[in-house]
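Visitor: could you work out the structure for the sequence below:
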Amino acid sequence: MLQVVHVAQAKMHKNILVVDDEADIREAVKDVLESCLDNASVQAVDSGAAALDFMSHAKVDLIVTDYKMPGMDGVQLLKAIESLSPGLPHILVTAFDRELLHDLGNQARGEHILQKPLDPERLLREVERALAR
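Guide: Reported below is the predicted structural model:
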């Protein structure tokens, strides 16, 4: 006789990459996500180039990136990532006004866009939504 065992499906572990050239913001976002998400690992890098390098050797389930960074801005990074990993969820963070946010949304595949200063609760909601996709 076969015995059927039901195993509760655990939440899948997710890998989040935070990209921001400002160390204090990068670390604050990382800290909020690490302290509030028990099923996620959070890594942080300081540039688009570092993000692409990280992604070349690690699986990433979500990118949280600043828009304005030297070298490669957030939209350029997201376009580069789209060619490497189509459909990868992302959140774009910016301090710019709503009109520019609309334009950025069109450029960045219309995904989640958050305006600075970041509200930790809203950040968490958007991260959870993005990971649930």
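Visitor: which outside residues touch the helix or strand where residue 131 lies?
Guide: In this assignment (DSSP states H and E), residue 131 forms part of helix 120-132. Under the criterion CB atoms under 8 Å, 6 or more residues apart in numbering, residues 14, 16, 29, 32-33, 36-37, 40, 61-62, 64, 89-91, 111-112, 114 lie in contact with helix 120-132. Placement of C-beta: from N, CA and C, glycine included.
Visitor: switch to 6 Å and redo it
Guide: Residues outside helix 120-132 that contact it (CB atoms under 6 Å, 6 or more residues apart in numbering) are 14, 32, 36, 62, 89, 91, 112.
Visitor: any buried residues in that helix, and which?
Guide: For helix 120-132, burial by neighbour count (16 or more other CB atoms under 10 Å) applies to 123, 126, 127, 130, 131.
Visitor: just put those in a markdown table and tack on distance to residue 69 and pLDDT.
Guide: Compiled in a markdown table, these are given as follows (distance: CB to CB, whole Å; pLDDT from 0 to 100):
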| residue | distance to residue 69 | pLDDT |
| --- | --- | --- |
| 123 | 18 | 95 |
| 126 | 20 | 93 |
| 127 | 20 | 94 |
| 130 | 20 | 91 |
| 131 | 23 | 90 |
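Visitor: pLDDT on stretch 18-35, on average?
Guide: Mean pLDDT, stretch 18-35: 96.
Visitor: can I get the CA coordinates of that stretch in PDB?
Guide: Coordinates of each C-alpha in stretch 18-35 appear next as PDB, following Å, rounded to 0.1, in the frame of the first residue of the first chain:
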ATOM      1  CA  VAL A  18      19.700  46.600  -5.400                       C
ATOM      2  CA  VAL A  19      21.500  49.000  -7.600                       C
ATOM      3  CA  ASP A  20      22.300  52.600  -6.400                       C
ATOM      4  CA  ASP A  21      25.400  54.700  -6.600                       C
ATOM      5  CA  GLU A  22      24.500  56.400  -3.200                       C
ATOM      6  CA  ALA A  23      25.800  54.100  -0.500                       C
ATOM      7  CA  ASP A  24      23.400  55.300   2.200                       C
ATOM      8  CA  ILE A  25      20.300  54.700   0.000                       C
ATOM      9  CA  ARG A  26      21.700  51.400  -1.300                       C
ATOM     10  CA  GLU A  27      22.300  50.100   2.200                       C
ATOM     11  CA  ALA A  28      19.000  51.400   3.600                       C
ATOM     12  CA  VAL A  29      17.000  49.700   0.900                       C
ATOM     13  CA  LYS A  30      19.000  46.500   1.400                       C
ATOM     14  CA  ASP A  31      18.500  46.600   5.200                       C
ATOM     15  CA  VAL A  32      14.700  47.200   4.900                       C
ATOM     16  CA  LEU A  33      14.300  44.300   2.400                       C
ATOM     17  CA  GLU A  34      16.600  41.900   4.500                       C
ATOM     18  CA  SER A  35      14.800  42.700   7.700                       C
END
